[in-house]
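K.L.:
predicted model, plus sequence, below.
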Amino acid sequence: MKRPWNRTNTSVYSLATIDNQNELNMNICTYVSVVNMNPRIYTIAIDYKTKTYDNLVNHKNKVTLQALSKKNMNLVRKLGKESGKNINKETYLTKNNFLTKWKSHMVLKNTSFVIELEMLKNIIKLNDHCIFLFEVKSFKNFDEPFLKTNDLIKSKIIL
């Protein structure tokens, strides 16, 4: 049997950040949770080795959390298994027509929802991830089915 933390069927997200050169980066994250209702606060755990972590620490601005839909499954390997330190994800996403504009943010097409977040602070530095707190500034829902970790397991993308 799988380990307990591999048995939960959580939503799959991508966090869009901007670096100091104003280039877009997107990752894959599943350690995401709402922890406060008023104001609405999310926690997101980010791996230290990622460009997303560097962007959050060095270029504090609004970021966009995107709940991926099943239509986004083909992006998980590119966004999650390839580092933004090694490839320009904005170029890849633009070239393949995966992006659209929402408010002033470039976001993925066909997501389940998008949320504009403002980083409050990084709160806990663990061994391999840092937990960040974000406040919800705005959001938009779309009528797309959520991509879940079990979908990734069945497709042999993870585990």
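P.N.:
Here it is on my side, so go on. Numbering: from 1, shown residues only.

K.L.:
quick one: least confident helix or strand in the chain?
P.N.:
strand 113-125 (a mean of 90; mean pLDDT, DSSP states H and E).

K.L.:
buried residues in that one, which are they?
P.N.:
With burial defined by 16 or more other Cβ atoms under 10 Å, the residues of strand 113-125 counted as buried are 113-117, 119. (Each C-beta comes from the backbone N, C-alpha and C, glycine too.)

K.L.:
how about stretch 35-46?
P.N.:
Residues of stretch 35-46 classed as buried: 41-46 (neighbour count, 16+ other Cβ under 10 Å).

K.L.:
please flag which of these sit within strands.
P.N.:
When DSSP state E defines the strands, the subset of the buried residues of stretch 35-46 inside them is 41-46.

K.L.:
of those, closest to V12?
P.N.:
Top of the list for closeness to V12, among those and by Cβ to Cβ, is I44 at 12.8 Å.

K.L.:
and that closest one, bridged to which residues?
P.N.:
Per DSSP bridges, the residues bridged to I44 are V32, F132.

K.L.:
and it, what pLDDT?
P.N.:
Per-residue pLDDT puts I44 at 97.

K.L.:
that one and N88, how far apart?
P.N.:
Counting by Cβ to Cβ, to the nearest Å, the gap from I44 to N88 is 23 Å.

K.L.:
count of neighbours near T100?
P.N.:
Residue crowding around T100 was assessed by other Cβ atoms under 10 Å; the count is 13.
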